[in-house]
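*Asks:* All I have is the shape, not the residue letters:
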């Protein structure tokens, strides 16, 4: 979960994880993995969106990678990626304004409108990430009965965890 371990130039502390997956390889007890990931999620709750329950997936493979005892791979979808998209979009806008390198693409059959559409798509993506980062956890009151008990529509949708 540290910024220096990321493959993209963005700091995960500047965003929130929508979902994440951690895969362990080696002789590790599944119970220990689940407990530790639950502790991480509780400790760093501010870095996870609260409106997606159970958004941390774990898996364990008992066969270690060559020349190692235990290893782990983390893949996360964080809203902090916005900073990278913004940076790339800013550079792209400057270059596109000057029509730098555009001839390489137009001679191969691309149209300039495709670049403006791509830029628009990136802006839409940035807005979605911002929306997801700021989204509060809400319960749809129309799915609750007046007594606060669950409605049959919730049970049919699979949104009710029967372990409660």
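*Replies:* Great, that's in hand. Here the structure is a predicted model, which is why all the values come from computation and not from measurement.
*Asks:* going forward, measure contacts between C-alpha atoms and count neighbours the same way
*Replies:* Will do.
*Asks:* Helix or strand: which one has the nearest residue to residue 20 once chain neighbours are set aside?
*Replies:* In this structure, residue 20 finds its nearest non-sequential neighbour in residue 76, 4.0 Å apart by Cα to Cα, 6 or more residues apart in numbering. Assigned by DSSP states H and E, residue 76 belongs to strand 70-78.
*Asks:* Paired strands for that strand, with orientation please.
*Replies:* Looking at strand 70-78 with DSSP bridges, its partner strands are strand 17-26 (antiparallel).
*Asks:* Now do the same contact list for residue 14.
*Replies:* Shown in contact with residue 14 (Cα atoms under 8 Å, 6 or more residues apart in numbering): residue 80.
*Asks:* now the helix or strand where residue 95 lies: how far from the chain's centre is it?
*Replies:* Secondary structure assignment for residue 95, by DSSP H and E: helix 82-97. When distances are taken as Cα atoms, centre = their mean, to the nearest Å, helix 82-97 is centred 21 Å away from the chain's centroid.
*Asks:* Could you do stretch 63-77 as well?
*Replies:* 20 Å.
*Asks:* let's number from 763 now, not from 1
*Replies:* Right, with 763 as the first residue, what we last looked at is stretch 825-839.
*Asks:* what about it, start to end distance?
*Replies:* 26 Å (Cα to Cα, to the nearest Å).
*Asks:* List of residues touching it?
*Replies:* So stretch 825-839 is contacted by 779, 780, 781, 782, 783, 784, 785, 786, 787, 788, 789, 790 (Cα under 8 Å, 6+ apart).
*Asks:* Buried residues, it. List them.
*Replies:* By 16 or more other Cα atoms under 10 Å, the buried positions in stretch 825-839 come out as 826, 832, 833, 838.
*Asks:* Can I get those residues in CSV including distance to residue 846 and pLDDT?
*Replies:* Formatted as CSV, these follow (distance: Cα to Cα, whole Å; pLDDT from 0 to 100):
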residue, distance to residue 846, pLDDT
826, 33, 92
832, 31, 93
833, 28, 91
838, 15, 91
